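Q: got a sequence here, can you model it:
(2 chains)
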Number of protein chains: 2
Amino acid sequence: MRNFKYYNPTKIVFGEETISRLDSLVPRDARVLILYGGNSAEKTGTLDEVRSALVNRTIQEFGGIEANPTYETLMKAVELIRNSEVNFLLAVGGGSVIDGTKFVAAAVNFAGEPWRILEEGGSLVQSALPFGTVLTLPATGSEMNSSSVITNKAKQAKRDFMSPFVFPQFSIMDPTKTYTLPLRQVANGVADAFTHVMEQYLTYPANGMVQDRFAEGLLQILIEIGPQAMNTSDNYEIRSNLMWVATLALNGLIGAGVPQDWSTHYIGHELTALYGIDHARTLAILLPATLKICRESKRVKLLQYGERVWGITSGDEEQRIDQAIAYTRSFFEDLGIQTHLSDYNLGVDDIDRVVKQLEAHGLTQLGENRDITLDISRQILQASL
Amino acid sequence: MRNFKYYNPTKIVFGEETISRLDSLVPRDARVLILYGGNSAEKTGTLDEVRSALVNRTIQEFGGIEANPTYETLMKAVELIRNSEVNFLLAVGGGSVIDGTKFVAAAVNFAGEPWRILEEGGSLVQSALPFGTVLTLPATGSEMNSSSVITNKAKQAKRDFMSPFVFPQFSIMDPTKTYTLPLRQVANGVADAFTHVMEQYLTYPANGMVQDRFAEGLLQILIEIGPQAMNTSDNYEIRSNLMWVATLALNGLIGAGVPQDWSTHYIGHELTALYGIDHARTLAILLPATLKICRESKRVKLLQYGERVWGITSGDEEQRIDQAIAYTRSFFEDLGIQTHLSDYNLGVDDIDRVVKQLEAHGLTQLGENRDITLDISRQILQASL
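A: Numbering: from 1, shown residues only, chains lettered A, B, ... in the order given. Alright, predicted model coming up:
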């Protein structure tokens, strides 16, 4: 196992009817800005529940944060806060709203152009406004971590940052709030969580026994309940487990002390920035191809993954690895997510464009061994056609 | 899944050569009291490493905290602090030293007789001195939780308390510090961690899928590396995994949102208080008997435990449950821990004495269903003979 630091101070309040707890979680004298996305938070009544719980505080609201939250939109929230007395943020939504809120929290007091936080990394962040979240969409894990991904429309760039200052103070997770989600978002959430686990697990073996067992457990649960979540919208047991799995898929625990390979996310970000493909769908396109192209460096873990997660014990090594990769692709397809670039009308010509963007963003050495060069990324994209 | 809150702000610094990080973890202006146990911290050089790392702070030391830390000893530390300028505590040792430090931290500013914290529960605690830990013995998980068990020699009572004020601010976990542990302590640590997991897992089914998978993973790892840890003292991979498993066995995560059955610990505490049997050994005596006596209420999970943890898939239900309980007992015995009261020279007459103590301490409704009455506790003890 590698040396590591692990720290995660976010308070989780999990279960039915928990939004009312906002009254005790948000400081009495807070002047709150509620940040949210589209109309669903209003339509489903979640925003009204939040307003009721905060009835004794000064509240302002900022809606319209997009599915891939943009710098352009978020800077409007930053301006609003700078011209107000707001001193506490509350994100109501999924990972995009929470990621956006993290950026806003860090940008408000940032000296200089806040895009630098994304370009140069979270180490520039020296403070942030305190904030909490009300999660409505299990997927990204943003509700219990310190990272954020932001898109710059003008630059066609999607970048991330991490900072210990942007851990949510608390996250309220009420699984019943996921009952009204469109199936497309449920599927995307399952695929996103699954890939988060894989990117911290499917590397070279590092003898992180807890990390491996926990990762395998999360994958097994997603394989079991992912399809069930697509078939039943209001099953509390399924939705509550899905919500908690997605949080633990990316709260730092399973990745502490082991190598990680975030190449699928980084290449996927370029596909979203260039073509607007849903984030989770870019992962479902790229992950099977990445496992195929990096087969040798990931061989030992691919076999372990096949055996422990999918129960593959027969056949020679090559057959077992092929089977594990095929099952992975089928898992995504069974969620209704297409896994080839051609399914999204992209072809050979688009690969050049993606590789150029990777180069422009300095993403020339990806993967746990930093050996996913631009050429290997190209091979992964070709294997994704 | 049940509604739950989860909060754990302890910062973990894990790995080789990490004691030097104390210099950045302990505040510059801290006046530190180092608390430790017997001579081993001195003999192994760990205390010297700690002193070197804190060279620029004012340091006092308090040694002699026992294996089951006593109120009597700890109150001497409380007096020392009250008559000094100490404002930061550093526990160097295993669970006993850390548990003791938690009590000291809470007792220093407590108004009234501090034993009330144990008698009436941690809710009385309204503040505590800040403290960190340097862990030398993987076992109790105290390095990353907010609970503490203290023995009152005069009252022959062993009681626990929990309070969010006694989370360690940080814990330094260097697996190489376990290389010099006596084998008896290694075995006890494995048994303690194993039982911690079982007490949060082996209840009635509650559909905590993550909690179950994580618990099963921890058990599988302990079964794999427990015997190995007994055979090799300086294998970093084994000792590092053992250390991290023991922490996660009781940091609140696997028990959040599911029922728990701490009857084995509660009955075991009486055995330690009356007869001085090592804490972990009391658990190894009582756990198999508890599974046997509570077979019906735990039936579903016993079968799941047998299948997922021990790979038991053949035989009828009764046979599979018998097998799972037998494997559990063998696991402890293979660590060199005897699992019958008679192995410790206790007999039928002693059972009365233990049951009377349970009654005196109000422990008349134990277990996840609160149906382990004094009569059922008696049956468990009889089944432990």
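Q: contacts and neighbour counts: CA atoms only from here.
A: Noted.
Q: could you export the one helix or strand residue A:352 maps to as CSV, CA atoms only?
A: Applying DSSP states H and E as the criterion places residue A:352 in helix A:348-360. What follows is helix A:348-360, C-alpha atoms only, in CSV (Å, rounded to 0.1, in the frame of the first residue of the first chain):
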residue,chain,number,x,y,z
VAL,A,348,-12.3,8.8,-37.5
ASP,A,349,-12.1,12.4,-38.4
ASP,A,350,-13.2,13.4,-34.9
ILE,A,351,-10.4,11.6,-33.2
ASP,A,352,-7.9,14.1,-34.4
ARG,A,353,-9.9,16.9,-33.0
VAL,A,354,-10.1,15.2,-29.6
VAL,A,355,-6.4,14.4,-29.5
LYS,A,356,-5.6,18.0,-30.4
GLN,A,357,-7.7,19.2,-27.4
LEU,A,358,-5.9,16.7,-25.1
GLU,A,359,-2.6,18.2,-26.3
ALA,A,360,-3.8,21.7,-25.9
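Q: okay, now the domains of chain A?
A: When chain A is parsed with the TED database, its domains come out as A:11-178, A:183-384.
Q: how long is the first one end to end?
A: For domain A:11-178, the first and last residues are 20 Å from each other (Cα to Cα, to the nearest Å).
Q: and it with chain B, contact?
A: Yes - under the criterion of Cα under 8 Å from any Cα of the partner chain, chain B is reached by domain A:11-178 at A:11, A:12, A:13, A:14, A:15, A:16.
Q: try the last one
A: Yes - interface with chain B: domain A:183-384 contributes A:207-210, A:213-214, A:217-218, A:221, A:237, A:240-241, A:244-245 (Cα under 8 Å from any Cα).
Q: among the residues you listed, name the ones in strands.
A: Helix and strand membership here follows DSSP state E; of the residues of domain A:183-384 next to chain B, not one is in strands.
Q: okay if I get the residues you listed as TSV plus neighbour count?
A: Rendered in TSV, the data for the residues of domain A:183-384 next to chain B read as follows (neighbours: other Cα atoms under 10 Å in any protein chain shown):
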residue	neighbour count
A:207	16
A:208	23
A:209	24
A:210	23
A:213	23
A:214	26
A:217	25
A:218	28
A:221	19
A:237	17
A:240	25
A:241	23
A:244	21
A:245	26
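Q: out of those, who's nearest residue B:107?
A: Using Cα to Cα, residue A:210 is the member of those that sits closest to residue B:107, with 35.2 Å.
Q: would a markdown table of the domains of chain A with mean pLDDT be doable?
A: Below are the domains of chain A laid out as a markdown table (pLDDT from 0 to 100):
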| stretch | mean pLDDT |
| --- | --- |
| domain A:11-178 | 96 |
| domain A:183-384 | 97 |
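Q: among those, which is nearest residue B:282?
A: Comparison of the domains of chain A against residue B:282 by Cα to Cα identifies domain A:183-384 as nearest, at 26.3 Å.
Q: span of the closest one from start to end?
A: For domain A:183-384, the first and last residues are 24 Å from each other (Cα to Cα).
Q: how distant is that domain from the center of its chain?
A: Distance of domain A:183-384 from its chain centroid, counting by Cα atoms, centre = their mean, to the nearest Å, is 12 Å.
Q: and if you look at stretch A:1-21?
A: Taking the mean C-alpha point of stretch A:1-21 and that of its whole chain, the gap between them comes to 16 Å (Cα atoms, centre = their mean).
Q: end-to-end on that stretch?
A: With Cα to Cα as the measure, the ends of stretch A:1-21 fall 39 Å from one another.
Q: now the residue of the stretch 251-385 of chain A found nearest chain B, nearest residue through space, not along the chain?
A: Among residues of the stretch 251-385 of chain A, the one nearest chain B by Cα to the nearest Cα turns out to be residue A:257. It sits 8.3 Å away. The spatial neighbour of residue A:257 that comes closest, neighbours along the chain excluded (Cα to Cα, 6 or more residues apart in numbering or on different chains), is residue A:2 at 4.5 Å.
Q: next up, the contacts around the one you found.
A: Residue A:2 makes contact with A:206, A:257, A:258, B:15 under the criterion Cα atoms under 8 Å, 6 or more residues apart in numbering or on different chains.
Q: could you count how many residues lie near the residue nearest to residue A:290 when sequence neighbours are not counted?
A: In space, and not counting its chain neighbours, residue A:290 is closest to residue A:380: 5.6 Å by Cα to Cα, 6+ apart. Other residues lying near residue A:380 total 26 when counted by other Cα atoms under 10 Å in any protein chain shown.
Q: do the one 3 residues further on as well
A: Neighbours of residue A:383 under the rule other Cα under 10 Å: 17.
Q: okay, now the closest residue to it other than its chain neighbours: neighbour count?
A: Once its chain neighbours are removed from consideration, residue A:383 has its nearest residue in residue A:289; the separation is 5.4 Å (Cα to Cα, 6+ apart). Here the count is done by other Cα under 10 Å, and residue A:289 has 25 residues near it.
Q: ok, now how distant is residue A:289 from residue A:139?
A: As for residue A:289, its distance to residue A:139 is 22 Å (criterion: Cα to Cα).
Q: next one: residue A:284
A: Summarising the geometry, the distance separating residue A:284 from residue A:139, computed by Cα to Cα, is 14 Å.
Q: could you tell me which residues touch both of those two?
A: Between them, residue A:284 and residue A:139 have residue A:191 as joint contacts when contacts are counted by Cα under 8 Å, 6+ apart.
Q: higher neighbour count, these two?
A: Neighbours were tallied for residue A:284 and for residue A:139 using other Cα under 10 Å; the higher tally belongs to residue A:139 (31 against 28).
Q: my read: that one touches residue A:196, true?
A: No - counting by Cα atoms under 8 Å, residue A:139 does not reach residue A:196; the two are 9.4 Å apart.
Q: quick one: list the elements packing against the helix holding residue A:352.
A: Judged by 3 or more Cα pairs under 8 Å, 6 or more residues apart in numbering or on different chains; DSSP states H and E, helix A:348-360 is in contact with helix A:263-275, helix A:374-383.
Q: let's see it at 10 Å
A: In terms of contacts (3 or more Cα pairs under 10 Å, 6 or more residues apart in numbering or on different chains; DSSP states H and E), helix A:348-360 is packed against strand A:157-162, helix A:263-275, helix A:374-383.
Q: any chance you could list what contacts that helix?
A: By Cα atoms under 10 Å, 6 or more residues apart in numbering or on different chains, the list of residues contacting helix A:348-360 from outside reads A:156-157, A:266-271, A:273-275, A:341-342, A:361-365, A:373-382, A:385.
Q: surely residue A:233 touches residue A:182?
A: Yes - counting by Cα atoms under 10 Å, residue A:233 does reach residue A:182; the two are 9.3 Å apart.
Q: which parts of the stretch 1-150 of chain A are helices?
A: Per DSSP state H, counting those that start in this stretch, the stretch 1-150 of chain A carries helices over the ranges A:22-25, A:40-43, A:46-53, A:71-82, A:95-107, A:115-120.
Q: list the residues that contact the spatially closest residue to residue A:167 that is not a sequence neighbour.
A: Computed as Cα to Cα, 6+ apart, the closest residue to residue A:167 that is not its neighbour in sequence is residue A:146, at 4.6 Å. Under the criterion of Cα under 10 Å, 6+ apart, the contact partners of residue A:146 comprise A:8, A:10, A:99, A:102, A:122, A:161-168, A:250-252.
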